[in-house]
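Enquirer: output the structure for:
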Amino acid sequence: FLVLNMEYIFLVLNMEYIFLVLNMECELAALTTLLLLKRIKTTNKKKRRQRRWKVRYINRDRQTKGFYISTFLPMKIRDPSQFFKYTRMDVSTFTLLLNRLRRIVQVRKMNKPISVEERLVVTLHYLSQGSSMQTVAWKFKMGKSTVHCIIKEMCQAIFDVLHNDYLQPPRNEEEWLSIATSFENTWNFPHCLGALDGKHINMRAPNNSGSLYFNYKKNFSLVLLALCDSQYLFKIVEIGAFGSSSDGGVFQESEFCEKLQTDQLRIPRDAPIQGYSNQQDFPYFLVADAAFPLGQHIMRPYPGHLLTEEKENFNKRLSRARRVVENGFGILAARWRILLQTINADPNLVEAITKACVCLHNFLRVSSPAYCPPDYVDRVGDDNGAWRRELSQPLSSIGTSTHRNSTHRALQLRDQLAFYLNGEGVMH
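Expert: Just a heads-up that it's a prediction; the model follows:
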């Protein structure tokens, strides 16, 4: 009996040893497999795709039959009207922009380099015509990846060479007061420092973003928040808020709002409204629609439909003043049609594209009268700006604000302004 027990114990120990060895071998095999897979993955990342040719066969005649050589250069010399339709500027303004870009854009050393001018033409075509990158690549006889790199580089370069001169916020009280004076002279609305609005810039769904960029119109987008002066120039822009922030919270969560509330924008101090018998100090403010909260420095319309005549008149006057930002966005989208498309790019490139378009808008609004002729914008009393006929669908606005906690002071200020606009400040 003792011998049998010993044999049984020996057998059990042998079995445990065998299982232990097998288990260790399985773990070792699994670890080896994981290490091998990781090495293969790393090698594949480092290994560049082998190209069958340096330049595709159909693109080899780019320097003789590409759009830049065959069409653009003759257009530049012989057809100024078509040149303007294509680039949104005349030849002299194009040359001015090109010379700025040549200072910072480096042409790579290669067999058939793409000049800075051709890079600019590729980018302007993409921005102004709203074509896909693949369509641009076919037209210019380039690879799609080449066009992608050109657009990315040139949009950033356009912003770099223009924003210091054409997209700077007012730096002091005097510059803000200049905007307010122009607003009152042009639109008969006192103490107004600009019109505020936000638009969605649609794009493809970013990887692993969930619903962050998904807006109330069932599209993925970034939000372009902008302040416009009386001459349709964008003075302050903020790009990059998630499209899902579509309830008016876009502004309240923005850097611009924080600076406004903490007095970092250096807006003018309260002062009496010029020509008003009541010489009580009144704050300077921005005009906005229902997407923005009423505040000491933001005037929005009275809500509701059954309003008094005085409140209706106030809403009409405010809407008339606010129309400058609506027209500003309309001009921007009509001239730079890529903003009307669902942009097939990642959020960083969409932001760079949008910033480039805004800078080009301001640059051309100042440098080229043909960019925005008088009939291109709404006239007093109508909505017949030419840009409206060119757009079947304007940019989508951000949603109505759910903010219902306006201070007593803000409500009182709106009532005081309404009283003035219906009395001494009434339009005749």
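Enquirer: where are the low-confidence patches of the stretch 1-150 of the chain?
Expert: 1-31, 33, 37, 40-63, 109-111 (pLDDT under 70).
Enquirer: for it, which segments are assigned as helices?
Expert: 2-46, 62-65, 67, 73-78, 80-87, 91-102, 116-129, 133-140, 144-166 (DSSP state H, counting those that start in this stretch).
Enquirer: how many other residues sit next to residue 134?
Expert: Neighbourhood size, residue 134 [other CB atoms under 10 Å]: 12. Any C-beta I mention is one placed from the backbone N, CA and C, and that applies to glycine too.
Enquirer: surely it touches residue 144?
Expert: Yes: using CB atoms under 8 Å, residue 134 is in contact with residue 144, at 5.3 Å.
Enquirer: list residues touching both of the two?
Expert: Shared contacts of residue 134 and residue 144 (CB atoms under 8 Å, 6 or more residues apart in numbering): none.
Enquirer: for stretch 127-136, buried residues please.
Expert: Judged by neighbour count using 16 or more other CB atoms under 10 Å, the buried positions of stretch 127-136 are 127-128, 130-131, 133, 136.
Enquirer: do the same with stretch 91-98
Expert: Buried residues in stretch 91-98, counted by 16+ other CB under 10 Å: 93-94, 97-98.
Enquirer: what do you get for stretch 372-385?
Expert: For stretch 372-385, the neighbour count (16+ other CB under 10 Å) marks 372, 376-378, 385 as buried.
Enquirer: what's the answer for stretch 417-427, then?
Expert: Buried residues in stretch 417-427 (16+ other CB under 10 Å): 417-418, 420-422, 425.
Enquirer: now tell me what touches it from outside.
Expert: The contact list for stretch 417-427 (CB under 8 Å, 6+ apart) reads 188, 190, 273, 275-278, 282, 299, 302, 310-311, 313-314, 317.
Enquirer: wasn't residue 198 part of a strand?
Expert: Yes: counting by DSSP: H, G, I helix; E, B strand; the rest coil, residue 198 is found in a strand.
Enquirer: burial of it, as a residue count?
Expert: By other CB under 10 Å, neighbour count at residue 198 equals 27.
Enquirer: quick one: contacts for it?
Expert: 223-226, 250-251, 291, 397-398.
Enquirer: could I get those residues as TSV with pLDDT, neighbour count and secondary structure?
Expert: Formatted as TSV, the contacts of residue 198 follow (pLDDT from 0 to 100; neighbours: other CB atoms under 10 Å; DSSP: H, G, I helix; E, B strand; the rest coil):
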residue	pLDDT	neighbour count	secondary structure
223	88	24	strand
224	92	27	strand
225	93	22	strand
226	95	22	strand
250	79	25	helix
251	83	25	helix
291	85	21	coil
397	81	17	strand
398	78	27	coil
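Enquirer: show me where the stretch 151-300 of the chain has its helices.
Expert: Per DSSP H, counting those that start in this stretch, the stretch 151-300 of the chain carries helices over the ranges 173-187, 249-252, 255-261.
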